[in-house]
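Visitor: what's the 3D shape of this:
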Amino acid sequence: MAGPRFARVRSNAFALAPLFASVLWGGMYVVSKWGFASIPPVTLAALRVAVGAATLLAVVAVAYPSREFSRADWRGFGVLAVWVSVTLVTQFLGTDLTTASEGALVTVLTPVATLALGVTVLGESLTARKTGGMALALAGTGVVLASRYDLATFGAGAASGVALLVLASAGWAAYTVWGKRLVREYSALETATYSSLLATPPLVVAAGVELAVTDTALSTIPVTPETVAAVLYLGVAATAVAWYAWYKGVEYVDTGTVAVYFFAQPVVGAALGALFLDESLGVGFVVGGVVMAVGIYVVSTARSQTDADADPKTASAADVPPDSPD
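Guide: Okay, the predicted model is just below:
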């Protein structure tokens with residue numbers, strides 16, 4: 001009996017991995033205060049993915065030294081690379097063109113878009129429990145953001161920036177949903193690795209265009225302990241570890257369930273801002289955080305019959321991913 005029980009605990013732990021990814025993304029708020037301002041946005045995105053891809057490739061070379069993929073699989077990784085490239089470029093540019101409140105509010109559309117795509121593209125079930133939990137998490141996150149930002153500034157930024165952030169939300173939703181087949185067929189580690197690896201060249205080209213258009217030379221970007229630490233955090237923690245953790249959840253639960261953990265990101269960012277930057281937290285943060293947590297709990301404990309029927313990993317807790325060393 002110990003074997004199945006251990007497998008069940010292991011499965012439940014991995015299903016919570018996306019929550020850890022959101023914690024790491026929340027940490028980007030603090031790190032950004034320490035070193036992002038001096039690096040152009042698309043260039044920063046390219047550095048992030050290059051460092052993340054190199055980190056993941058080093059791990060996958062040891063974990064899966066002789067894995068081979070079909071042309072169809074490589075096309076699948078390529079599609080994911082396109083989506084993640086679109087996401088990062090539009091996210092970084094959109095953030096640069098909008099106010100903090102606009103960026104935070106538009107970004108939380110990501111879980112909603114992921115849930116919708118999971119239902120329409122993958123045929124995942126949409127229950128009243130999951131819908132209600134998602135609405136609670138969205139409302140709670142909205143209260144947290146209202147306590148942190150002056151929402152009256154919404155609309156003060158460029159409309160193009162808001163549009164770019166909406167596209168970024170849709171792009172990450174697509175990256176999550178279209179990655180499900182490869183994650184389930186191979187592993188979260190390999191899917192995160194090869195999608196980020198294939199995304200690196202187009203992002204480097206985009207960064208080159210940005211530097212040329214803005215007449216910025218790489219030599220003018222200061223290399224300080226702060227900027228190096230910021231890039232390493234973005235690449236290793238917020239990309240390599242977080243993308244793997246995000247996809248690890250997709251191995252065990254449907255994408256709509258994984259999506260709800262995204263709401264934790266701004267709450268974690270606010271908490272870390274209070275801890276490391278001496279920012280204040282009001283009653284709205286506490287109330288909104290509690291409501292968001294309840295919403296996440298409701299969604300994460302809702303069973304998706306469609307997903308369980310479709311994949312044996314979620315149908316039985318004793319089943320674990322084949323050939324997976326993680």
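
Visitor: I'd guessed residue 287 sits against residue 146; true?
Guide: No: Residue 287 lies out of contact with residue 146 (C-beta atoms under 8 Å); the separation is 10.3 Å. Where C-beta positions appear, they are placed from N, C-alpha and C, glycine not excepted.

Visitor: Looking at the two, which is more packed in?
Guide: residue 146 (17 against 14; other C-beta atoms under 10 Å).

Visitor: and that one, what does it touch?
Guide: Neighbour list for residue 146: 284, 288 [criterion: C-beta atoms under 8 Å, 6 or more residues apart in numbering].

Visitor: Give me the pLDDT value at it.
Guide: What the model reports as pLDDT for residue 146 is 83.

Visitor: Please save the CA atoms from the helix or strand harbouring it in CSV.
Guide: Taking DSSP states H and E as the definition, one finds residue 146 inside helix 128-148. Extracted C-alpha coordinates of helix 128-148, given in CSV (Å, rounded to 0.1, in the frame of the first residue of the first chain):
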residue,chain,number,x,y,z
ALA,A,128,-19.7,25.2,-12.2
ARG,A,129,-17.1,24.6,-9.5
LYS,A,130,-14.2,25.5,-11.7
THR,A,131,-15.9,28.5,-13.2
GLY,A,132,-16.9,29.8,-9.7
GLY,A,133,-13.4,29.2,-8.3
MET,A,134,-11.8,31.1,-11.3
ALA,A,135,-14.2,34.0,-10.7
LEU,A,136,-13.3,34.1,-7.0
ALA,A,137,-9.6,34.0,-7.7
LEU,A,138,-10.0,36.8,-10.3
ALA,A,139,-12.1,38.9,-7.9
GLY,A,140,-9.6,38.4,-5.1
THR,A,141,-6.7,39.3,-7.3
GLY,A,142,-8.5,42.4,-8.4
VAL,A,143,-8.9,43.5,-4.8
VAL,A,144,-5.2,43.0,-4.2
LEU,A,145,-4.3,45.1,-7.3
ALA,A,146,-6.7,47.8,-6.3
SER,A,147,-5.0,48.0,-2.9
ARG,A,148,-1.6,48.4,-4.6
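
Visitor: Just the mean pLDDT for whichever helix or strand comes after that helix, thanks.
Guide: Note on helix 128-148: by DSSP H and E, the next helix or strand toward the C-terminus is helix 159-178. Averaged over helix 159-178, pLDDT sits at 92.

Visitor: same for helix 159-178, what does it pack against?
Guide: Under the contact criterion of 3 or more C-beta pairs under 8 Å, 6 or more residues apart in numbering; DSSP states H and E, helix 159-178 touches helix 71-97, helix 100-107, helix 109-122, helix 255-260.

Visitor: For the helix or strand hosting residue 30, buried residues please.
Guide: For residue 30, the enclosing helix or strand under DSSP H and E is helix 28-32. By neighbour count on 16 or more other C-beta atoms under 10 Å, the buried set for helix 28-32 is 28, 29, 30, 31, 32.
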